[in-house]
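[1] dropping a prediction and its sequence here:
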Amino acid sequence: MEITYVVIISIITYIFGAITKCFVEQIPNKFIPIQNVIIGIVAGLICYFTKVEPDLLQAFVLCLVASMGAGGVADLSKVKESE
């Protein structure tokens, strides 16, 4: 069941990233957490309506934590590269 969350969040993140690259020239870093929250909410709704998670609140929390965690890991990798 947990791998389904990862797949859904990955697909939603890819779609949001592609949309952002197509329509926005350079997005400031301060808006990345907002994008991650939107990704978590959309992924939570998808998980709930596809019956991956029967509880809406739990779907939101799990997907928000996963999307924010993924954003944190991406930021850590950028910090490591810049050193």
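    Done, it's in.
[2] how about the strands of the chain, start to end?
    Taking DSSP state E, the chain contains no strands at all.
[3] pLDDT weak spots in it?
    Along the chain, the model assigns pLDDT under 70 to residues 1-2, 71-83.
[4] got the residue ranges for the helices in it?
    2-23, 32-49, 56-82 (DSSP state H).
[5] who's in contact with the shortest one?
    Read it as helix 32-49. With CB atoms under 8 Å, 6 or more residues apart in numbering as the test, helix 32-49 has contacts from 4-5, 8-9, 12-13, 16, 20, 27, 52-56, 59-68, 70-71. All C-beta spots, glycine's among them, are computed from the backbone N, C-alpha and C.
[6] any buried residues in it, and which?
    35, 36, 39, 40, 41, 42, 43, 44, 46, 47, 48 (16 or more other CB atoms under 10 Å).
[7] again with the first one
    Buried positions in helix 2-23, judged by neighbour count with 16+ other CB under 10 Å: 5, 8, 9, 12, 13, 16.
[8] then it to CSV, C-alphas only?
    The C-alpha trace of helix 2-23 is given here as CSV (Å, rounded to 0.1, in the frame of the first residue of the first chain):
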residue,chain,number,x,y,z
GLU,A,2,2.8,2.4,0.8
ILE,A,3,4.4,2.1,-2.6
THR,A,4,1.2,3.3,-4.1
TYR,A,5,1.5,6.6,-2.3
VAL,A,6,5.1,7.0,-3.7
VAL,A,7,4.0,6.3,-7.2
ILE,A,8,1.0,8.7,-7.0
ILE,A,9,3.1,11.5,-5.5
SER,A,10,5.9,10.9,-8.1
ILE,A,11,3.5,11.2,-11.0
ILE,A,12,1.8,14.3,-9.6
THR,A,13,5.2,15.9,-8.9
TYR,A,14,6.3,15.1,-12.5
ILE,A,15,3.2,16.7,-13.9
PHE,A,16,3.5,19.8,-11.7
GLY,A,17,7.1,20.1,-12.6
ALA,A,18,6.5,19.9,-16.3
ILE,A,19,3.7,22.5,-16.0
THR,A,20,5.9,24.8,-14.0
LYS,A,21,8.8,24.5,-16.5
CYS,A,22,6.5,25.1,-19.5
PHE,A,23,4.7,28.2,-18.1
